[in-house]
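Engineer: I'll drop the sequence and a predicted model, then ask my questions.
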Amino acid sequence: MREKDTAPSQVTGLTATEQRSIEIFYRAFNEQNPDLLDEALSTNWKDIPLAPDQGPGPEGLKPIIRGFIAAFPDLQISIQEIIGAPGRAGVRALITGTHQGEWFGIAPTGKAIHVPIHEFHHLENGRITHTWHLEDWFGMLHQVGAWPAHSTNPSEAVS
């Protein structure tokens with residue numbers, strides 16, 4: 001059973017500008033507007049780890065967001081909790097959507113996904129400078145029926 005989604009917890013320890021940058025970062029996905037990243041991220045923002053073929057900085061994330069939106073047109077990232085300290089924020093969130101386009105080389109399945117995400121952000125001058133992130137992509141692959149991978153040919157299973 002999936003945990004009940006809740007409104008974000010009270011945020012303490014962040015300035016209003018820092019909290020706004022965190023919220024805008026996720027709105028870039030929810031509003032299908034990657035250019036919102038320019039309001040939230042520093043120009044030398046570091047995404048750790050980079051996705052395969054992801055370029056550096058905010059410009060490197062924009063095509064990733066566009067691809068994500070193409071695969072999950074109803075994509076939403078719901079912030080469930082933000083824990084803050086000056087210049088630091090931890091975010092627990094949930095990615096939801098319906099798999100309607102190719103993603104990770106997987107043809108659309110029409111299945112709903114619920115992917116937990118945990119991120120830590122560093123902020124400076126009100127903008128996010130670093131993001132360390134961890135998403136449950138194996139869970140997503142399982143939800144769309146792509147994991148575990150099944151082989152119909154026994155010789156392929158050992159190669």
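Structural biologist: All right, it came through fine. Predicted, not measured: the structure shown is a model, and the values here were computed from it. Residues are numbered from 1 along each chain as shown.
Engineer: if I look at residue 62, how far off is residue 134?
Structural biologist: Residue 62 sits 21 Å away from residue 134, going by CB to CB, to the nearest Å. All C-beta atoms are positioned from the backbone trio N, CA, C, and that covers glycine.
Engineer: of these two, give the one with the bigger neighbour count.
Structural biologist: Remark: of residue 62 and residue 134, residue 62 carries more neighbours, 19 against 11, as counted by other CB atoms under 10 Å.
Engineer: residue 33 is in contact with the more buried one, correct?
Structural biologist: No - checked against CB atoms under 8 Å, the pair residue 62 and residue 33 is beyond contact range at 9.8 Å.
Engineer: which elements pack onto the longest strand along the chain?
Structural biologist: Identified as the longest strand of the chain according to DSSP state E is strand 112-124. With contacts defined as 3 or more CB pairs under 8 Å, 6 or more residues apart in numbering; DSSP states H and E, strand 112-124 has these neighbours: helix 16-30, strand 88-98, strand 127-135, helix 137-143.
Engineer: now the ones you listed as CSV including mean pLDDT?
Structural biologist: Formatted as CSV, the helices and strands packed on strand 112-124 follow (pLDDT from 0 to 100):
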stretch, mean pLDDT
helix 16-30, 96
strand 88-98, 97
strand 127-135, 97
helix 137-143, 93
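Engineer: out of these, which gets nearest to residue 53?
Structural biologist: Comparison of the helices and strands packed on strand 112-124 against residue 53 by CB to CB identifies helix 137-143 as nearest, at 15.5 Å.
Engineer: for that closest one, packing partners?
Structural biologist: strand 112-124.
Engineer: tell me which residues are up against the strand it packs on.
Structural biologist: Residues outside strand 112-124 that contact it (CB atoms under 8 Å, 6 or more residues apart in numbering): 2, 14, 18, 21-22, 25, 42, 72, 77, 87-99, 128-137, 139-140, 143-144.
Engineer: filter the residues you listed down to the buried ones.
Structural biologist: 14, 18, 21-22, 25, 42, 72, 77, 87, 89, 91-99, 128-131, 136, 140, 143-144 (16 or more other CB atoms under 10 Å).
Engineer: partners of the closest residue in space to residue 26 that isn't next to it in sequence in the sheet?
Structural biologist: In this structure, residue 26 finds its nearest non-sequential neighbour in residue 77, 4.7 Å apart by CB to CB, 6 or more residues apart in numbering. Beta-bridge partners for residue 77, by DSSP bridges, are residue 95.
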